[in-house]
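K.L.:
structure for the following, please:
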Amino acid sequence: EGYYSWGGGGVGGSASAANCSSCRMGGDPERCPGCSCMMGCTNASAWLTSYTCDADGACAPLKKNLYVDYAVTSSGGMVNLTFPDALSHGGWFHPNASRISIKSVQPECMCNGSAVLNPCLVFTVASGANFSAGPARTGIQKRHDLNPAPSGTLGKTACASVPGCTPDPRSIIDHGAVAISSLRDAASGLAVLVVANFYLGPSESVNSSILALDPLTAAPVLLQEVPTVGATDSSSTTINGSTYMAIANFRGPSILYRWSGAASPLLALSVTKRGIGYIDGDIRVKGNSSPLSRGAGFIGSFLSSPSGAVTEAHVSAPGDGYLPGVAVQLTYGAGCARSDEGCTATPMAGSVTAVRVLADASSFWNCSAGDFVNGTISTVTAGDGTLRVSKAFSGVLAWSNVDDTWVVEFPDAESHGGGLASAAGITITSPSSNCTCGPDASFARCLAPIVACGGVLAPLPHAGVVHAIQRVAILAPGEGYTKGVAKAHGMGVTPGRGFS
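P.N.:
So this is what the prediction gives:
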């Protein structure tokens, strides 16, 4: 036996414990004490519905409740009850199950000669259970380090000299913080932390850090650095709808800053990883790269070296409205294929950017302009050992009058492929023509694909990036001025020049 329960107020039922042999005995209580017999219920076709009955035995369906239906089958001398679906359990029944009577829609289906089947069925109404929800842990738990651990295997000081070492972008804020305050960016809703840095080694002239918190992970992202001299505290206030931040300096004048918002244009990009296999292309802001990826209007491009390393990043239009955490990706530029459509939207990383010709024209047998050459990768599926062949790229042979040899061009942007870690394992053939590399069907001795990977650009923060003044905001108009000129003076090693 066992009963099924479904939520508060739902009904669960169990198989009757009656043995059909008691029915053959006529239900004699002396020969079979406590036995109940169901008879006349056809196999898998009878439905039982809940009723309420008065003292005179008159019964009516429970219209205010969902019907509790049981599919009835007889097997092996026992009556088996099942629910056809979840709604059949009903709901909102009185917790006292004795107030509910069960009858079959088949008048011949009876228990001990009665249409009321309760003596033959044991059913329950779930009730009384209660749960209280609460956090598994209370108080505070560590979430993120604001000051990061040293970067690289030899520490952040030596990271620049270790190949492949990427410094933590927050390592520059490790300046002996003595106070942290917060404010809310009204436009984006971001929580912003102001870290007052007092002292670093022999100098108290260290920048204090402005951090934005990712709304989903609360991970801190460096938004800006402001020059301070032994900063000891900071506090924000709002005046006429504008937010101001005061920073108290111990070794210099205290400063009042005006908060202009967390969003900004992408004024400059730094190359954090040069990568390999790249050709000159465009830079696009990654769609949905972060909950903080907003803004519009950015246009950029990058240059590469003859060896395929990313060397420079240029911003043609900085756009606006971008928040910390925004990410960019390197894409193909116009002219990446015979058909330009889709080039600037195709990521370059993991694709075949070019196919290098290794042999002279005499090594290409029976080849004609327009012959397709395909790069494929063969892998063996784990488990059943099935050989799976996937396309890495598609190219077209063309004759170059400049180099007096064959070159490989791409029909469209999609032909560059994608998702490749390297060029290893790529086999090049020309299956639709008789073109071969000498006597070999494989072009391993004639062509070599080049795959781009590893290039990374960082758009924010702009710490340490020297850039031009793009716009000037009037914070306080003042009065009594006549027409004049504005001059700019920067701070630090490179104060800037040329603004007018």
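K.L.:
now do the buried residues in stretch 180-198.
P.N.:
Neighbour counts using 16 or more other CB atoms under 10 Å place 181, 183, 185, 188, 190-198 of stretch 180-198 among the buried residues. Just so you know, the C-beta spots here come from the backbone N, C-alpha and C atoms, and that holds for glycine as well.
K.L.:
of these, which belong to strands?
P.N.:
181, 183, 191, 192, 193, 194, 195, 196, 197 (DSSP state E).
K.L.:
next structured bit after the top strand by length along the chain?
P.N.:
Criterion DSSP E: the longest strand present in the chain is strand 387-400. Remark: after strand 387-400, the chain's next helix or strand is strand 405-409, criterion DSSP states H and E.
K.L.:
sheet partners, orientation included, of that following strand?
P.N.:
strand 387-400 (antiparallel) (DSSP bridges).
K.L.:
using CSV, write out the CA atom coordinates for the strand it pairs with.
P.N.:
What follows is strand 387-400, C-alpha atoms only, in CSV (Å, rounded to 0.1, in the frame of the first residue of the first chain):
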residue,chain,number,x,y,z
LEU,A,387,34.8,9.5,-37.4
ARG,A,388,33.4,13.0,-37.7
VAL,A,389,34.6,15.4,-40.4
SER,A,390,33.9,19.1,-39.9
LYS,A,391,34.6,22.1,-42.1
ALA,A,392,37.3,24.5,-41.0
PHE,A,393,37.2,27.0,-43.9
SER,A,394,36.4,27.3,-47.6
GLY,A,395,38.5,29.0,-50.2
VAL,A,396,38.8,29.6,-53.9
LEU,A,397,42.0,29.5,-56.0
ALA,A,398,42.8,32.7,-57.9
TRP,A,399,45.8,33.6,-60.0
SER,A,400,47.9,36.6,-58.8
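K.L.:
and it, average pLDDT?
P.N.:
Mean pLDDT, computed over strand 387-400, is 90.
K.L.:
can you give me the helices for this protein?
P.N.:
Taking DSSP state H as the criterion, the chain carries its helices at 20-24.
K.L.:
and the two most separated of the ones in strands among the buried residues of stretch 180-198?
P.N.:
By the measure CB to CB, 191 and 197 form the most distant pair in these, at 19.4 Å.
K.L.:
what bits of the stretch 401-500 of the chain have low per-residue confidence?
P.N.:
Where the stretch 401-500 of the chain drops to pLDDT under 70, the residues are 460-467, 470, 475, 490-494.
K.L.:
50 instead?
P.N.:
Along the stretch 401-500 of the chain, segments meeting pLDDT under 50 span 463-464.
K.L.:
swap in the stretch 1-150 of the chain?
P.N.:
Applying pLDDT under 50 to the stretch 1-150 of the chain picks out residues 1-27, 44-46, 63-67, 73-76, 148-150.
K.L.:
let's see 70
P.N.:
1-36, 42-80, 91-100, 105, 122, 132-150.
K.L.:
thinking again about what came up before, return the member of the ones in strands among the buried residues of stretch 180-198 nearest to residue 118.
P.N.:
residue 191 (61.8 Å).
K.L.:
wouldn't that closest one be in contact with residue 210 here?
P.N.:
No - using CB atoms under 8 Å, residue 191 makes no contact with residue 210, being 11.7 Å away.
K.L.:
surely residue 387 meets residue 378?
P.N.:
Yes - contact criterion CB under 8 Å: residue 387 and residue 378 qualify, at 6.1 Å.
K.L.:
and for residue 390, the neighbour number?
P.N.:
11 (other CB atoms under 10 Å).
K.L.:
partner residues bridging the nearest residue to it once chain neighbours are set aside?
P.N.:
Closest residue to residue 390 apart from its sequence neighbours, by CB to CB, 6 or more residues apart in numbering: residue 377 at 5.4 Å. Here residue 377 sits in beta bridges with residue 390, residue 426, going by DSSP bridges.
K.L.:
distance of residue 377 relative to residue 387?
P.N.:
11 Å (CB to CB, to the nearest Å).
K.L.:
okay, these two: which has more neighbours?
P.N.:
Taking neighbours as other CB under 10 Å, residue 377 and residue 387 compare with residue 377 leading, 16 against 8.
K.L.:
can you check the pLDDT for the more buried one?
P.N.:
88.
K.L.:
go through stretch 338-355 and flag the buried ones.
P.N.:
Judged by neighbour count using 16+ other CB under 10 Å, the buried positions of stretch 338-355 are 343, 344, 346, 347, 348, 349, 350, 351, 352, 353, 354, 355.
K.L.:
from those, which land in strands?
P.N.:
352, 353, 354, 355.
K.L.:
take those and lay them out in JSON lines including distance to residue 444 and pLDDT.
P.N.:
Putting these into JSON lines (distance: CB to CB, whole Å; pLDDT from 0 to 100) gives the following:
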{"residue": "352", "distance to residue 444": "15", "pLDDT": "96"}
{"residue": "353", "distance to residue 444": "19", "pLDDT": "96"}
{"residue": "354", "distance to residue 444": "17", "pLDDT": "95"}
{"residue": "355", "distance to residue 444": "12", "pLDDT": "95"}
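K.L.:
identify the farthest-apart pair in these.
P.N.:
353 and 355 (9.0 Å).
K.L.:
tell me if I'm right that residue 294 and residue 323 touch.
P.N.:
Yes - counting by CB under 8 Å, residue 323 is a contact partner of residue 294 at 5.6 Å.
K.L.:
more neighbours: those two, which one.
P.N.:
More neighbours surround residue 323 than the other of residue 294 and residue 323, with 24 against 15 (other CB under 10 Å).
K.L.:
can you check the pLDDT for the more buried one?
P.N.:
Reading off the model, residue 323 has pLDDT 80.
K.L.:
quick one: it and residue 313, what's the gap?
P.N.:
20 Å.
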